[in-house]
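Asker: The following comprises the amino acid sequence and a computationally predicted model.
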Amino acid sequence: MAIEIDFCVLKEGGTPPRVVFERVLPFPEKGANDIVVLRNIGGQTADLRGWWMVDALEGSRPFVFGEKLMCDEYEFIPPAGRLTMSVLSRHNRCGFLFNLSVRDTLYLYNADDELVDVLMWGSSERGQALRRQPNGFFQWFSERRNVLETLRDMGTYTIFLEALKVTGLDQTLSATARRYYSGPHLPKATKIPLFPSYFGFARKREAPRTPPPPQHPQPGVPTRGPFTILAPDDDAMLSAIRQIGGEHEFGVEEFLGLPELKDIIMYHIIPGRWTSDFFQTGRPIFTARASEVVPLMEGRMAEGKVFLSDRCVDKPTPGKYTCRQQKDFNKCGERFMKDALGAGWVGGFCERTCGRCECDSDSCAEVVQLDIVSSNGIVHSLNRLLFPPPVFSESHKMPVNIELKKRGLRSVPNLLQKEMGKARTRGTKKL
């Protein structure tokens, strides 16, 4: 037996778990299987052991969660997490036994045989999925259409679609997905074997280390999919346009004419198929603009929701040490690390690595619809426009040895204190 050390541990929230049907694909493409997706929109982990799901067809055998051995992934759903299920097959020994019909009803019961959720449909077409909307109602979506066609079908993304057209990015996003795409490349978790306490031949192992941060990619949208689109709806776009205008009248046309428009829109495109299964609190996801967007999903901060932060980035400290090393040195709690004026950045030094990023409905974008499937990617619907943060790198660091000698200082903390003092003086000057 081995234990995987996950460095992005999800904390529990205060609201109880709530499991609902999120997506059902009753009439899949040829060669594919029926799919049922459950989502936990509560703030605590849902324990599904003893729960059961069945459809309305006579003679259908219920699927009981936790009944099958070696199917642990079907027993729990973390806050904001999902469980994707399909029919039993030789490739999926944990699947359900009943087959969905083009006209059917699904029932979900808890361990006390109480009805938790029900979903009914009167007809369906091949390749169409029935999806839960933010208002609780369900809508049919064709999963045969590309990301642009999917956004048009949804009907509330006209400004974002126009921005894609103005910047020329719509042509690229029409490209088909690579046939053998295997998913995002993620750092592997450290595995530590758990031997019995009396075992006398265990080898000495180093303590698990935090995986190194991913390298900044080059900006640009790939010529082939899949693509992940972070799509602000029209209300979110209009709110951002009013904010940008300030006291002046600022309309959609002025926004679409901004020279910064392409940088903003590229920040809403992620190369690859990033479903919510790959979202973890604090894990940076690099966009086509080569700057990261960071999911924040911790229980009491999110309570079953998924937020995306556009300002949770690491600004490295002056000197030779990286943010990862500063954390290993237990420097994250030091005053100079958290001082925004001294760092010249709202989050201070090493904000993401030190776990200081926070979110609420005003400071982050909420993903109001997750994992909308299209033929060449995934769409996540947002309630706020994102703005790409600066890209900090080693080039932002000072040549410390030269700087120390020049200023007659002995150590990095002395240098940082002097810089913070200057920043505070600049910040308190009278206008």
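Answerer: Sure thing, it's come through. Note that the structure is a prediction, hence the values are computed from the model and not measured.

Asker: Which residue would you name as the spatial centre of the chain?
Answerer: The chain has residue 279 as the residue nearest its centroid, 3.6 Å off, counting by Cα atoms, centre = their mean.

Asker: Tell me both backbone torsions, phi and psi, for it.
Answerer: phi -80, psi 130 (degrees, to the nearest 10).

Asker: after the worst-scoring helix or strand of the chain on mean pLDDT comes which helix or strand?
Answerer: The weakest-scoring helix or strand in the chain, judged by mean pLDDT, DSSP states H and E, is strand 2-5 (a mean of 36). Per DSSP states H and E, strand 2-5 leads on to strand 19-25 as the next helix or strand towards the C-terminus.

Asker: What lies in contact with that following strand?
Answerer: 32, 34-42, 46, 48, 51, 77, 82, 100, 106, 108, 116-117, 119, 121, 128-132, 143, 370-371, 373 (Cβ atoms under 8 Å, 6 or more residues apart in numbering). (Each C-beta comes from the backbone N, C-alpha and C, glycine too.)

Asker: after that strand comes which helix or strand?
Answerer: strand 35-40.

Asker: ok, residue 91 to residue 126 distance?
Answerer: 21 Å (Cβ to Cβ, to the nearest Å).

Asker: Over to residue 324. Which of the three states is it?
Answerer: helix (DSSP: H, G, I helix; E, B strand; the rest coil).

Asker: Next one: the residue nearest to residue 233 when sequence neighbours are not counted from residue 51, what distance?
Answerer: Counting by Cβ to Cβ, 6 or more residues apart in numbering, the nearest residue to residue 233 once its immediate chain neighbours are dropped is residue 156, at 4.6 Å. Per Cβ to Cβ, residue 156 is found 34 Å from residue 51.

Asker: And for residue 339?
Answerer: Applying Cβ to Cβ, the value for residue 339 to residue 51 is 49 Å.

Asker: How about residue 298?
Answerer: Applying Cβ to Cβ to residue 298 and residue 51 gives a distance of 25 Å.

Asker: chain center to stretch 44-52, what's the gap?
Answerer: Remark: stretch 44-52 is offset 23 Å from the chain centroid, using Cα atoms, centre = their mean, to the nearest Å.

Asker: Low-confidence stretches in this protein?
Answerer: The model of the chain has pLDDT under 70 over residues 1-10, 187-191, 207-216, 299, 393-431.

Asker: for it, what spans make up the helices?
Answerer: 147-154, 158-167, 169-173, 234-245, 252-256, 261-266, 299-302, 323-328, 335-338, 340-343, 400-407, 412-427 (DSSP state H).
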